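1. sequence first, predicted coordinates after that:
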Amino acid sequence: MMSRISKWLAVVLVFALLGGCGDASNYIKENYSLIDVQGQGKSTAKIYSEEGKNVPTVAKELADQEPPLEISKEDENQMFLVYDNKIINIQKDKENENTTLVQLDSIEYAKEHYDSSFLQGYVAASLLQSLFGSVWSGDSGGYRGYTSTKRYEDYGKHQSAPAPSSTTAPSTSERKGTFTTSPSKSVSGSSQSIRRNDGSTKNYKTPSRITGSKPGTSIRSGSFKRR
């Protein structure tokens, strides 16, 4: 009897632990503010901001939601959480001491952009090679995350998230006016036209009025004699 109870308690504990583990990506989307998106397709980086929390606090918050394969040592300026399908780069906002930036990188984006020597200072080289491939050498451009880019220096977190492009229908102007039809001119002479139902016209000629002078009569005068 006791063994059965122990088994049931173990099962309940396992489900409770599984239920407590969420997805860090979804947690970021639901709780932090999206401020910028870089890249496209499978190679993307989404940058979020969180006010009132420092880098270690945010890192622990996300690790509690979804335990990473590796988490870098605690640092006030920058930390990394590495997963099999993403890398989370947590950075201190240099423009606002009270704000932490959370950069959600796809594996492809991290592989294409990060400086290998820099990233290996936070994450084990063996883990990076298992994610990016043994021949991965990284980008030598010195990329360290969003705060190291010209994009951040120009407008940083003041950049609003890109909105879906929308097309507006071409505007049409309402024209007002009057249309007049000129009355048909009377036809002089004897020729007139009649419009048929099919739109064609038929000309007909009115008979001309017969004009002439009445036959004249002469008045005779004279005298008559009676025989």
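-> All right, it came through fine. Numbering: from 1, shown residues only.

2. contacting residues for residue 59?
-> By C-beta atoms under 8 Å, 6 or more residues apart in numbering, the residues touching residue 59 are 71, 74, 79, 81, 90. The way it works is simple: take the backbone N, C-alpha and C, and place the C-beta from them, glycine included.

3. for ChimeraX, what selects the buried ones among the residues you listed?
-> A single ChimeraX command selects the buried members of the contacts of residue 59 (16 or more other C-beta atoms under 10 Å):
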select :71,79,81,90
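
4. right, and the pair among the contacts of residue 59 with maximum separation?
-> Farthest-apart pair in the contacts of residue 59 is 74 and 81; separation 12.1 Å (C-beta to C-beta).

5. list the buried residues of stretch 48-60.
-> Within stretch 48-60, the residues that count as buried by 16+ other C-beta under 10 Å are 48-50, 53-55, 58-59.

6. got the end-to-end distance for that stretch?
-> 16 Å (C-alpha to C-alpha, to the nearest Å).

7. quick one: the helices in this protein, in order.
-> Secondary structure of the chain (DSSP state H): helices located at 2-20, 24-31, 55-65, 107-113, 116-119, 125-132, 150-154.

8. that older thread, how about the contacts of residue 59 in CSV, adding distance to residue 39?
-> Shown next, in CSV, are the contacts of residue 59 (distance: C-beta to C-beta, whole Å):
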residue, distance to residue 39
71, 24
74, 29
79, 22
81, 19
90, 19
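
9. among the contacts of residue 59, which lie within strands?
-> Judged by DSSP state E, strands contain the following of the contacts of residue 59: 71, 79, 81, 90.

10. so which of those residues is the closest to residue 33?
-> Residue 33 lies nearest to residue 90 out of the ones in strands among the contacts of residue 59, by C-beta to C-beta, at 14.6 Å.

11. contact partners for the nearest residue to residue 82 once chain neighbours are set aside?
-> Counting by C-beta to C-beta, 6 or more residues apart in numbering, residue 82 lies nearest to residue 70, which is 4.6 Å off, once chain neighbours are set aside. For residue 70, the contact set (C-beta under 8 Å, 6+ apart) comprises 80-82, 123-124, 127.

12. what separates residue 70 from residue 144, distance-wise?
-> To residue 144, residue 70 is 18 Å away according to C-beta to C-beta, to the nearest Å.

13. in stretch 110-128, what counts as buried?
-> In terms of neighbour count (16+ other C-beta under 10 Å), stretch 110-128 has its buried residues at 110-116, 118-120, 122-123, 128.

14. could you work out the most separated pair of the residues you listed?
-> Greatest spatial distance among the buried residues of stretch 110-128 (C-beta to C-beta): 112 and 122, at 17.7 Å.

15. spatially nearest residue to residue 69 (excluding sequence neighbours)?
-> Residue nearest to residue 69 in three dimensions, not counting chain neighbours: residue 82, with 5.1 Å by C-beta to C-beta, 6+ apart.

16. other residues contacting stretch 85-99?
-> So stretch 85-99 is contacted by 24-25, 28, 49-52, 54-55, 58-59, 62, 68, 76-82, 100-107, 110, 145-147, 156-157 (C-beta under 8 Å, 6+ apart).

17. what about 6 Å?
-> With C-beta atoms under 6 Å, 6 or more residues apart in numbering as the test, stretch 85-99 has contacts from 49, 51, 55, 58-59, 77-81, 101-105, 110, 145, 147, 156.

18. now the end-to-end length of it.
-> Terminal residues of stretch 85-99 are spaced 26 Å apart (C-alpha to C-alpha).

19. again with stretch 43-59
-> Counting by C-alpha to C-alpha, you get 23 Å between the two ends of stretch 43-59.

20. okay then, goodbye and thanks.
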